[in-house]
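Q: quick check, what structure comes out for this input:
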Amino acid sequence: MHRYTTLAAATAAFFTLCSLAQAQETGMQGMAGAATLPEACQTEVAPAGHDMAPPTAEMGEAQAAMMQGMMTTSEQMMQGIMADDPDVAFACGMIPHHQGAINMAEVELEHGDDQTMKDMAQMIIDAQTKEIAELTTWIEENAQ
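A: Residues are numbered from 1 along each chain as shown. Below you'll find the predicted structure:
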């Protein structure tokens, strides 16, 4: 399997397991609006209850760096969405979510070979850096 497909599969599995675990804890049956990954990104997902640690030993340097980039923001994202006010929860959760995307995009710039993907990574960095600033300003002006 191609190393980028492996990363996408591991990432999808990680977030699917997190969603399944959350759904079990909260009694939710599913998530509306969940994106369907292209077939090349799909992999078998371990049943709920399995160790959710990413298989970094099986990943290349770039894949491990992308996984680390996401994982460093996941706790902040979960913390942010717990704010009582749903608008504040959204803004607080989106900041680390966007930072995770920026972290992954920076790894693409460092390790990627395809210019189209490198251009996409730079667009993600630019757009989501701006959105983080806008969300932060909104929180500073509106959160109680």
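Q: for the chain, what are the low-confidence residue spans?
A: Scanning the chain with the threshold set as pLDDT under 70 gives 1-57.
Q: how is it divided into domains?
A: Domain ranges of the chain: 1-45, 59-144, per automatic domain parsing.
Q: Gln79 and Cys92, how far apart?
A: Going from Gln79 to Cys92 by Cβ to Cβ, to the nearest Å gives 8 Å. C-beta: built from backbone N, CA, C; applies to glycine.
Q: neighbour count: these two, which is higher?
A: Between Gln79 and Cys92, Cys92 has the larger neighbour count (other Cβ atoms under 10 Å), namely 22 against 12.
Q: excluding its backbone neighbours, what's nearest the more buried one?
A: The shortest distance from Cys92 to any non-neighbouring residue, by Cβ to Cβ, 6 or more residues apart in numbering, is to Gly80 (3.1 Å).
Q: pretty sure that neighbour is in contact with Gln99, am I right?
A: No. Taking contacts as Cβ atoms under 8 Å, Gly80 lies outside contact range of Gln99: 10.9 Å.
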